[in-house]
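# dropping a prediction and its sequence here:
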Amino acid sequence: MRPIRNSTFSLNLMYVPALLLFALFIYYPFFEGIKVSFTNWDGFNPTYSWVGFDNYARMLEDKNIGTVIRNTLIYGVGSTLFQNLIGLLYALLLNQSIRTRGLTRTIVYLPVIVSPLIMGYIWYFFFQYRGGALNDIILLFADKPVNLLADPQINIFIITFVNTFQYLGIAMVIYLAGLQSISKDYYEAASIDGASSLTKFFNVTLPLLAPSITINIVLNLIGGLKLFDVIIALTKGGPGFASQSLSTMMYKTYFGAQDAGYAAAMGNLMFFMIAIISIAALIYFRRKEIQA
Amino acid sequence: MKKIKMISLLFILILTLIASGCSSNKGGNETEPAANNGKNTEAAKKGEKVTLTIYSTTNDQGTQDVMEEIGQSFSKEHPNVELEWQFPANDYENVLKMKMAAKDMPDIFDTHGWSQVRYGNFVADLSDQEWVANLSDAMKPIVTDAKGMVYTLPLNAAKDGLTYNKDVLDKYGIEVPKTLDELIAAGEKIKTESKGEVIPFFFSATDAGSLAQFFDYFATPLLISAKENHAKSLLDGSFDWNNWTPLAAKFKEMYDKGLMSEDVLTIRETDRPQLFAEGKIAFSFTAPGFVPDALKINPDVKVGIMPVPAIVPGDTPTFSGGERFTMSAWKDGKNLEVSKDVISFFAKPENLKRISEASGTPAALNGITPDLGIYTEYYDMYKDIRVFPYFDRVYLPSGMWDVMQTTSSQILGGELTPEDSSQVYKQEIERLKAQQK
Amino acid sequence: MKTNHKLSIVLSVLIGLIHILPFYLLITTSFKPMSDLSSKWSLPQTMDWSNFTSAWEGADLGRAFINNTVITVLSLMGIILIGACAAYPLSRFQTKLNKFVYLLFISTLIVPPLTILVPLYQFFIDIHGMNTYWGIVLLHVTFSLPMTIFLYTGFISSIPRELDEAAMMDGMSRFMLFFKMILPLLKPVTATVLIMTGVGIWNDYQFSVFFLQKVEMRTVTVALASFFGPNANRIGWVAAGSLLAALPATMMYLFMQRWFISGLASGSVKG
């Protein structure tokens, strides 16, 4: 019998290639990026100076950061909320053996397959003021078209909607998988105890779906907080800074304002924000899993 | 199954090779360019195959085709040289910035007006080339510095002002405005008499470049072109930015009076050709770059160009000018001499003529008379109008364009007052200047 | 949850109609010539294929598709091999070290690509990886690994350890055990991995636009983006091109649907 220590060590070698790739292409650039946040680099010239924590101090004073962070949270939490609610409802519906379920599932999943940039533009042509598909319908009933994308209160929700639409297929599919792995025995036992459909749902389905809920929520949060493509396609972050997320603001600051140092500081803020929120969500929902 | 083991072992091996390779290459890269310079130009002369990368900013298919054809003529004369064109369009500046950061510039690239201020550290001196003697008087000071170094070959020279729909102006009896106040009055007349059907001034807050262009144009009549002007104080840093506020205020006035389209916040530049072709736009504050697309929709639409109206009483209209398309050589390029030869080839009069005609823009070197089609009568009519270099290229540091875009769209959105926008300019200029140290 | 079957069918049809909406708009736009300015809702008067041919030639889609296919296939091969290999010890030996490594791997999902774009670009130049297949493939593999490792680790933990022990009693080494026994069992979750990561790689824009600058190396999404000009959106072409681009991914999804969901079931749900 081989000594166990040797075999586990040599087995761990199996994840060394992955580790190497991460080290080269993610960890190393990530730490370089952190360095940049302490400079006033413009993004292309070889010369720059160290400015210590200036960039981070600027973030505290920046009038626009509040809006941007708020938007990022709305996109992240809002998308997650709707993707999970609707995804779960669809999964429940389409788990039954009805003839149309295969087709409907595919249609709902289709947006995931198409590039979000392209889907964003399709929706832009829907919500457009001039000649947009939505306004074509509205003009049948009212005499003035609406400009939803121009309204800072509304366009954020349109962006959240489009993002939800794009990815709720994934939530649905993960819930379907979860539902299918729940043994029918549990339902039979509940029926014998005289439980109603609603009780069965809350006492059997939901608890056993806990792992799926955890995954969906964490994945959706990370994706929603990082949102970029859809915003660019619909509003480019406008008007002004009204619909910017941390991602789009970072891009604009880096390339547009030639402020690589500030953009890097924003990037680190974003990283910590996403990390804290997703880890908190992970811990919270994992605990619920164990209770269930 | 042994195969799979072998493949995976190979993968690990390759990765370790790469890891070691990168550390040795880092050292190598520093010394390579200088050594290669000598080696490869000799190689080129001997006839060894050379491939040059050329990056151009032009978005327009017609101009791209002409550039590539001229390149092909060069390759015919020098069969060992192959030219690889790149047209990154909207991403041009971002891609170039990445390449600058990585010290991986193309052999030949377009400096679009920033040859000295932004790309200055990366371009080779072209003062020894024959075509330098033919640079127009307006162009010479722009591309040459105090020490006599020539930074770029200007392929054409912008002479930009406003573009207008002649049919619309004729219909409402509008004379070409010579001052900003006349322009605003004309806008109000058009709005009232067309009952809001025609948009007097086309702007897009989403494509905020259209807003920044307004400020770039009118900064000259505001601060530079009049007899008493602020040029000196702008250059030495003593300029009082409260002097900028009146222009921002006029801009807001145009918005408040409803002279921009009702959906100015979301309309995009891509909507412009159509609206212009339908006679729904009067003035566009840009050069006529969008006109070919408008002509495709309505070949009969009549286009006019005019210089930028004056602001200071007693002053006259002006054009904003300077290079439009250019070619510079990367000073650390492996084939520097060949690149210079390519640039000289493009500087030949017959080639520059073709480029001017394809892009609808006058020539930058003397002795070239392109046929500028529908714009000829206007360039003739305005041939004595003063041409000032684009304001932001001379008086603002690199990176201010984004500030101009953002502040103007915030003014329209009501988030920023004209007074505050001047302060933002002041702050940002200080930040950008600090970066250069 | 017992519902009336007829009601369910009606609901699912309704959902299908709502969700097919953007694709309806996409299809009608792709068949209308550029001069047709009718409402987006209206059906095209004739099936005009000119948008498809123009998009194909204008963006050199033929070559772009070849690039996409090569890059995606190579990436998927690397992802499955490296990902499954990495997941095995992380799932079987949950030592303190391995738990830490697992969290480290998964946490890279959080890193926003822009923060590392420029240092990554410089690094790529140094290793001469620009405009190469192997360069972008390594990049795609790296960024797809977190999700892959997550799914594989979950799935492997549902394979009983007794299987491993039985094989080792028969004298098989751990390595052989992995390749001969475990790997074949991973088929369902591999389908999931293929679809989830493959689609992302196929549609990638932000890496391809900076790392594959040579025109002949361009991928489909980057090529289509060139149609969004500053003066006129050639939406007909974009619509046509997008439909063409979505076809292979859609077909792959339809083909693997069966395993996709069951793979998810074992890979994700059993944590």
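Received it, and whenever you're ready, just let me know what you need.

# could you report the neighbour count for the closest residue in space to B:Trp131 that isn't next to it in sequence?
Of all residues not flanking B:Trp131 in the chain, B:Ala347 sits nearest, at 3.7 Å (Cβ to Cβ, 6 or more residues apart in numbering or on different chains). The C-beta positions use only the backbone N, C-alpha and C, and glycine is treated the same way. Residues within reach of B:Ala347, counting by other Cβ atoms under 10 Å in any protein chain shown, total 22.

# now B:Ala146. Its backbone dihedrals?
Per-residue torsions, B:Ala146: phi -60, psi -30 (degrees, to the nearest 10).

# now it: how far from chain C?
33 Å (Cβ to the nearest Cβ, to the nearest Å).

# pLDDT wise, what is that residue at?
B:Ala146 is assigned 91 on the pLDDT scale.

# residues contacting it?
When contacts are counted by Cβ atoms under 8 Å, 6 or more residues apart in numbering or on different chains, B:Ala146 touches no other residue.

# and what of the one 4 residues further on?
B:Val150 makes contact with B:125-127, B:129, B:132, B:143-144, according to Cβ under 8 Å, 6+ apart.

# swap the cut-off to 7 Å and go again
B:125-127, B:132, B:143-144 (Cβ atoms under 7 Å, 6 or more residues apart in numbering or on different chains).

# now, these that are in strands?
Among the contacts of B:Val150, DSSP state E puts none in strands.

# in JSON lines, list these along with neighbour count and distance to C:Asp126.
Listed next are these as JSON lines, based on neighbours: other Cβ atoms under 10 Å in any protein chain shown; distance: Cβ to Cβ, whole Å:
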{"residue": "B:Asp125", "neighbour count": "15", "distance to C:Asp126": "28"}
{"residue": "B:Leu126", "neighbour count": "24", "distance to C:Asp126": "30"}
{"residue": "B:Ser127", "neighbour count": "14", "distance to C:Asp126": "33"}
{"residue": "B:Val132", "neighbour count": "18", "distance to C:Asp126": "36"}
{"residue": "B:Val143", "neighbour count": "25", "distance to C:Asp126": "33"}
{"residue": "B:Thr144", "neighbour count": "19", "distance to C:Asp126": "35"}
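
# of the residues you listed, which is the nearest to B:Pro154?
B:Val143 (6.2 Å; Cβ to Cβ).

# leaving out the residues flanking it, which one is nearest to B:Tyr119?
B:Thr111 (4.8 Å).

# for the one you found, give its distance to B:Lys171.
The spacing between B:Thr111 and B:Lys171, counted by Cβ to Cβ, to the nearest Å, is 42 Å.

# these two: who's more crowded?
Using other Cβ under 10 Å as the criterion, B:Thr111 and B:Lys171 rank with B:Thr111 on top: 25 against 15.

# pull the contacting residues for the more buried one.
So B:Thr111 contacts B:119, B:123, B:151-152, B:326, B:328 (Cβ under 7 Å, 6+ apart).

# ok, B:Ser422 next?
B:241-242, B:244-245, B:248.

# out of those residues, which end up buried?
Neighbour-count burial (16 or more other Cβ atoms under 10 Å in any protein chain shown) is assigned, among these, to B:241, B:244-245, B:248.

# in strands only, show me those residues.
Among the buried ones among the contacts of B:Ser422, no member lies in strands (by DSSP E).

# take the residues you listed and keep only those in helices.
Within those, residues falling in helices by DSSP state H are B:245, B:248.

# out of the buried ones among the contacts of B:Ser422, flag the one nearest to chain A.
Chain A lies nearest to B:Ala248 out of the buried ones among the contacts of B:Ser422, by Cβ to the nearest Cβ, at 14.6 Å.

# tell me the contacts of the closest residue to that closest one other than its chain neighbours?
Spatial nearest neighbour of B:Ala248, chain neighbours left out: B:Pro418 (3.5 Å); criterion: Cβ to Cβ, 6+ apart. Residues in contact with B:Pro418 (Cβ under 7 Å, 6+ apart) are B:245, B:248-249, B:252, B:411.

# one more pass at 6 Å, please.
Neighbour list for B:Pro418: B:245, B:248-249, B:252 [criterion: Cβ atoms under 6 Å, 6 or more residues apart in numbering or on different chains].

# try A:Val230
A:116, A:120, A:159, A:162-163.

# pick out the most distant pair among these.
A:Pro116 and A:Ile159 (11.5 Å).

# which other helices and strands contact the one helix or strand B:Ser328 maps to?
Using DSSP states H and E, B:Ser328 falls within strand B:326-329. When contacts are defined as 3 or more Cβ pairs under 6 Å, 6 or more residues apart in numbering or on different chains; DSSP states H and E, strand B:326-329 packs onto strand B:108-109, helix B:336-346.

# direction included, what does that strand pair against?
Strand B:326-329 sits in its sheet next to strand B:108-109 (antiparallel), strand B:153-154 (antiparallel), going by DSSP bridges.

# go through the contacts of A:Val230 and flag which are in helices.
Reading helices off these with DSSP H, I get A:116, A:120, A:159, A:162-163.

# tell me the buried residues in stretch B:131-146?
Applying 16+ other Cβ under 10 Å to stretch B:131-146 flags B:131-132, B:134-136, B:138-139, B:142-144 as buried.

# burial count for B:Thr417?
Residues near B:Thr417, counting by other Cβ under 10 Å: 15.

# which strand or helix spans the residue nearest to it when sequence neighbours are not counted?
Residue nearest to B:Thr417 in three dimensions, not counting chain neighbours: B:Ile411, with 7.6 Å by Cβ to Cβ, 6+ apart. Remark: B:Ile411 resides in helix B:400-413, with elements defined by DSSP H and E.

# so what touches that helix?
Counting by Cβ under 6 Å, 6+ apart, A:239-240, A:256-257, B:205, B:208, B:211-212, B:215, B:252, B:255, B:392, B:416, B:421, B:424, B:428 sit against helix B:400-413.
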